[in-house]
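*Asks:* Everything below, folded, please.
(2 chains)
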Amino acid sequence: MTSAWWVRLGGTLPASEIAAHTAPTYETGADGGCLSASFALALTPRSQHQLLTKGTLVEVMCGPVPMWTGTLNEPDRTTWEVQASGLSASLRGYLAFDSGGNATRNVGFAVQHAIDEGWKGTNPFGTGLSSVVVPGDVSGAPVTVGQLLDDMCEWYPGGLRWGVTYRGTLYTAPPGTREPRWMAMPDAAAFGTTDENTATKLAGSYFDGTNTLTAYAGSGAPQEAVDLSEWGTITEADAEAILAGKLLRRGFTGWVNGTTLGRNQFRTLGGTPAFLGMVMGGETMRAHGLPYTVTQSLALDVEIGKTRYTAGEDSIYLEPINTAPRNLRAVIAAS
Amino acid sequence: MTSVELAPTWVIGSVALTDYPYSVDRESSVDIGEPAMVVEGITSLLADGDLERVVRHGNRVYKLDIYIEGPTLGDLADAEAVLRSELQRTGLELAHDPGDGFSPVSVYEVQTASLTPARRDDFESHLMRRYTLTLTCGPWARSANLVTVDALVLGSTTPVTVNNADTVTGWTASLAQYITGAGPVSGPLTVTDQGSYLRAQGSGQQAEVTLRYAAPTPVAVTTAPYLLVEMSGDGPPAFRIVVGAGDYAATPIMARATTSGTTIYAIDCLALPIATTTINGLMATLGKSGNATVTLNVHDVSQSVALPQVTAKQITRVIKVGGTERTPASIHVESRNGTSPLGLTIVHTSPETGAGYSPPLRRWRTSGNTANSASDTFSGAYENIHANPVVFEVPTSSVPAGDYAYCVALASDTVGTFPITWTAQTRRTTAVNGEAEFSGITPVQFYSVNAWHFVALTPLTLPTMRGGNESFVRLTLDYAGANPPNIIYDDAWIFRLGDDCAVSVVNSVPPHLWLDAPGVTSPVPEVRVGTTASAVDSWNPGPSLFSTGSHILNPAGTALFTATREYDNPAASATFYRRYHSNAAT
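*Replies:* The predicted structure follows:
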């Protein structure tokens, strides 16, 4: 049991000042950073509190450090099961406008406008995005800031993922496995592989202002056709960049399962049992004892697609990026 | 088998269940229940067996059958009403005295109470009624009375000299070595007076030098249990403490390097394998492999009530808890004079491991920029965090593996948000231990000019790599952007956040801070600050609360770290119940 965990509401108040509550469970993802969090408060249907309303800043804290940041969804007063969404999700509730109120494809303008309109995250350094203008026209209906960031990540050379950190800061990161930060001990984890939903060559139809043309990225098979008409008028180079980005973000191997690992099974590369609460989607883990023929490696490096952790517990659920749906709920969610 | 006359009593709230008109049916068994274990199991996909661990304990159910009797059935109903009203009170407790006159009272904290009547004509006609009382209680039996561990007495943290190692009186040495053909051989070695310190030096195959001190009179260690041994030489020695005719291994709980090149080792004489109130001497042994010369120097031996304070405003002490189960504590921090404000206050509790862990990092600083002394800081100094990065190197042995928060007190001469970079790495001498470092950039918002901001930089898993005694955890602090403003730091900390650790950080604290343990009346911890010891004007710190936690004490001992920026030597006391499995012990 760890007693350093707490939940902070509105940036100041411990949720326990309102009522005793369960340990929060939170999810992070390679796409989106902080995804969702939930906990239950010991309140009655008659209870109310000014901070227990939609939009309140929720931070899952361990000591003085925020480990997850998001905003409250309208709580269910019959159960007081409280759900919160990450700040990346709330960017899908702001339209991409500039300060003059015109639809824009300039990411920096759009994020700043969302902040001015009340989005609770920060973009302190521009994260290199302040001058990025994503191709596509703005003559149609404006897209959300979240969609604009998705578009940027697909189009950006080499592809990107975006999300919001546990501190509420917008970030972008290149997709794919990197220098591993964590390792699963031998025999602790096993991941099944599948070629389902993978593609190594994409063909995309796009509109160059006059004609509908086709652009390609990748080689070999399986091949897949993609419709890029939603982007409006774009150049061939942009279309190819978008396709290449899609390929990279999807990864080349599909996985069939997630895994639950205990603290002693999941460690730093140096062998210290991991602080499970700080593991974020998008980080790379090395699963020892799993030779992987695709990369001719004796250990398997996977990009963590999703984590689910309950504050203070000694185990964490991890899912590699590109995990194929393998139960009914996941299949419905994926379709 | 001996047998004693028993007169057990049960009192719930203010109702004595063993006094007329109530009585407990002791012949049908009283079921005192057991704490329900909550076990977390991890199944490995490939290995045999499951990993199981007790996460926590749930409640116990305490059941007893009682009778109510009286002159009329109306009196029975009245007595039932009295009992029922009592059972509905919040903060209800059941106190049980086993009744042999020797055993202490055990108290069970009642969460819910149900009363199940069993009606029978023969009972009614005899003017008695029988009930089953089912109490859902907290898991542990606790002591009836609170235990208070008082704040350390003012000034008592100054160590008292046991032997200043200026003369060889009382000191002897020996050399053990391996001689080919003869095997291991041990012989005396001369202790030489080097002026302000003593030296024992010997050479040979697998040489092992032992320095011994025999105190002329026994040294009392009950009130000042920390023996501080300042040494230098070829490495950290192994210590043994002499008690009577025997000597016992003692692992230092602190090894702090000093600027003069020596290291102070602190040994807790109350944590020896033998319980004692006095010690008779100590031994320090250092060996080397191969054909080697081994040097051991002793500079000073003194004893202290507390582990030496890190700075005047940062104190670590160990609280001896007792009992067998962990227990929530109320912690009271007050300024030494009772009236001066404490300012930003940090309270951190962690299970005492003997590793010598303490959160502040400045004492481990190895490089950086020009440091300026300042009395209104935690560390006694401040320093720019650029152009050079500030580097702290903490011995890995003093960093118990686990979860940490890397925090720092920063001030900037410019308002705004600035990128602060940090790294964490494990090294052996100057070499990287072959692993990637943890690093990151934390955007820090400075709200006001030249004011200290408490900044939680990042969570960390430390040490980043497991290592032997020679490795150290290297942490850095730097500014990442262009056109740096003047950003200074006072001190940085690594706070353990793992099992049974908690850290509370409160800003602008008046002379008193209370961190109240969760209990029956409030299931959550509460934080209050106030200007008087009586707490009549206490209030919740609101936005000044930077961090909170449930300060749980470990029965084997808890390290309590207290830091207050505005006044020296904060007085920190802890109040708690000792908790036991089923019956309170003395």
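*Asks:* residues touching residue B:105, list them.
*Replies:* By C-beta atoms under 8 Å, 6 or more residues apart in numbering or on different chains, the residues touching residue B:105 are B:95-97, B:144, B:584. Using the backbone N, CA and C atoms, a C-beta is placed for each residue, glycine as well.
*Asks:* okay, these in JSON lines with neighbour count, secondary structure and pLDDT next?
*Replies:* Converted to JSON lines, these look like this (neighbours: other C-beta atoms under 10 Å in any protein chain shown; DSSP: H, G, I helix; E, B strand; the rest coil; pLDDT from 0 to 100):
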{"residue": "B:95", "neighbour count": "17", "secondary structure": "strand", "pLDDT": "96"}
{"residue": "B:96", "neighbour count": "26", "secondary structure": "strand", "pLDDT": "95"}
{"residue": "B:97", "neighbour count": "18", "secondary structure": "strand", "pLDDT": "94"}
{"residue": "B:144", "neighbour count": "15", "secondary structure": "coil", "pLDDT": "92"}
{"residue": "B:584", "neighbour count": "25", "secondary structure": "coil", "pLDDT": "92"}
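*Asks:* residue ranges with poor pLDDT in chain B?
*Replies:* Filtered on pLDDT under 70, chain B yields the residue ranges B:42-47, B:152-157, B:251-261, B:354-356, B:429-431, B:433-436, B:468-470, B:519-522.
*Asks:* what about residue A:192, how many neighbours?
*Replies:* Residue A:192 has 11 neighbours, counted by other C-beta atoms under 10 Å in any protein chain shown.
*Asks:* now do the same end-to-end measure for stretch B:10-28.
*Replies:* Terminal residues of stretch B:10-28 are spaced 15 Å apart (C-alpha to C-alpha, to the nearest Å).
*Asks:* just to confirm, which helix or strand has the closest residue in space to residue B:132 that isn't next to it in sequence in it?
*Replies:* The shortest distance from residue B:132 to any residue that is not its chain neighbour, by C-beta to C-beta, 6 or more residues apart in numbering or on different chains, is 4.3 Å, and that residue is residue B:116. Here residue B:116, judged by DSSP states H and E, is contained in strand B:106-118.
*Asks:* Any idea how far that strand is from the middle of the chain?
*Replies:* Using C-alpha atoms, centre = their mean, to the nearest Å, the distance from the centre of strand B:106-118 to the centre of the chain it belongs to is 34 Å.
*Asks:* do stretch B:291-307 as well
*Replies:* When distances are taken as C-alpha atoms, centre = their mean, stretch B:291-307 is centred 25 Å away from the chain's centroid.
*Asks:* May I have it as PDB, with CA atoms only?
*Replies:* As requested, the backbone C-alpha atoms of stretch B:291-307 are provided in PDB (Å, rounded to 0.1, in the frame of the first residue of the first chain):
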ATOM      1  CA  ASN B 291      48.700  -8.100  -2.200                       C
ATOM      2  CA  ALA B 292      47.600  -4.800  -0.800                       C
ATOM      3  CA  THR B 293      48.200  -2.100   1.800                       C
ATOM      4  CA  VAL B 294      45.100  -1.200   3.800                       C
ATOM      5  CA  THR B 295      44.800   2.100   5.600                       C
ATOM      6  CA  LEU B 296      42.100   3.000   8.100                       C
ATOM      7  CA  ASN B 297      42.000   6.400   9.800                       C
ATOM      8  CA  VAL B 298      39.700   7.400  12.600                       C
ATOM      9  CA  HIS B 299      39.100  11.100  13.200                       C
ATOM     10  CA  ASP B 300      36.400  11.200  15.800                       C
ATOM     11  CA  VAL B 301      33.800   9.200  17.600                       C
ATOM     12  CA  SER B 302      30.800  11.000  19.100                       C
ATOM     13  CA  GLN B 303      27.200  10.200  19.900                       C
ATOM     14  CA  SER B 304      24.000  12.000  19.100                       C
ATOM     15  CA  VAL B 305      20.300  12.000  19.900                       C
ATOM     16  CA  ALA B 306      19.300  12.300  16.300                       C
ATOM     17  CA  LEU B 307      20.900  11.600  13.000                       C
END
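*Asks:* The residue in chain B that chain A sits nearest to pairs with what?
*Replies:* Each residue of chain B has a distance to chain A, by C-beta to the nearest C-beta, and the smallest belongs to residue B:465, at 2.3 Å. Under DSSP bridges, the beta-bridge partners of residue B:465 are residue A:270, residue A:271.
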